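Novice: okay, sequence plus prediction incoming.
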Amino acid sequence: MASYRGEGGIAIIGCTGKIGLERLRLSIDSLLNDLVNSLDDATGAILVAVDGEAVQWGTTHQHSERLRLRSAYIAVVMQTFRAAAGRAGLGHLQHLVVEYKGATLIAQEIDDDCSVILELRANGSVSRAVHRMQRTVVSLREEIKL
């Protein structure tokens, strides 16, 4: 395990040590920015730890604090669902979609310890975003060797 300090604080991310932490940070940053830039309605993407702590993010606006706050709430909801689903034997959460005033957030687990959350404008295409996120999650898993 390696300790990585993203813009949002310290988080522990599993990686093999094959690549340096700076390269890992740049790679994650690039993947998040590519995700945001690939969707016309996307305004931000963030990698969050299971407890909601922001690890790394990219936005197209000046409201990164709002994205981090909303994502922390989403992480708490995901953790609550994970616990309930585990007790009920429902399996893993695939996606979580939450609508806020003026925005839609879509979350997808990378593993049990972290998730990626994409912020869209309120009228954004959720299905297109989910499809694009799936490719990003595969790449994130490969980069951090989970």
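Specialist: Cool, the structure landed. Residues are numbered from 1 along each chain as shown.
Novice: only C-alpha atoms from now on, for both contacts and neighbour counts.
Specialist: Noted.
Novice: which strand or helix spans the residue most central in space within the chain?
Specialist: Per C-alpha atoms, centre = their mean, the C-alpha nearest to the average position across the chain is that of Val116, at 1.3 Å. Here Val116, judged by DSSP states H and E, is contained in strand 114-121.
Novice: which other helices and strands contact that strand?
Specialist: Packing partners of strand 114-121 (3 or more C-alpha pairs under 8 Å, 6 or more residues apart in numbering; DSSP states H and E): strand 42-49, helix 64-88, strand 103-109.
Novice: can you list contacts of the second one?
Specialist: When contacts are defined by C-alpha atoms under 8 Å, 6 or more residues apart in numbering, helix 64-88 is touched by residues 44, 46, 48-54, 57-58, 91-93, 96, 98, 107, 115, 117, 119.
Novice: next one: the last one
Specialist: The set of residues that contact strand 103-109 without belonging to it, under C-alpha under 8 Å, 6+ apart, is 74, 93-99, 115-124, 126, 130, 133, 137.
Novice: same thing with the first one?
Specialist: Judged by C-alpha under 8 Å, 6+ apart, the contacts made with strand 42-49 from elsewhere in the structure are 11, 32-33, 35-36, 54-61, 64, 67-68, 71-72, 75, 113-121, 124.
Novice: how many other residues sit next to Met53?
Specialist: Just so we're on the same page, residue 53 is Glu rather than Met. 19 (other C-alpha atoms under 10 Å).
Novice: excluding its backbone neighbours, what's nearest it?
Specialist: Leaving out its chain neighbours, the residue that sits closest to Glu53 by C-alpha to C-alpha, 6 or more residues apart in numbering is Ala72, at 6.4 Å.
Novice: who is the residue nearest to Arg121 when sequence neighbours are not counted paired with across the strands?
Specialist: What sits nearest to Arg121 in space, not counting adjacent residues and going by C-alpha to C-alpha, 6+ apart, is Ala103, at 4.6 Å. On the basis of DSSP bridges, Ala103 is bridged to Tyr100, Arg121.
Novice: with that, I have no additional questions.
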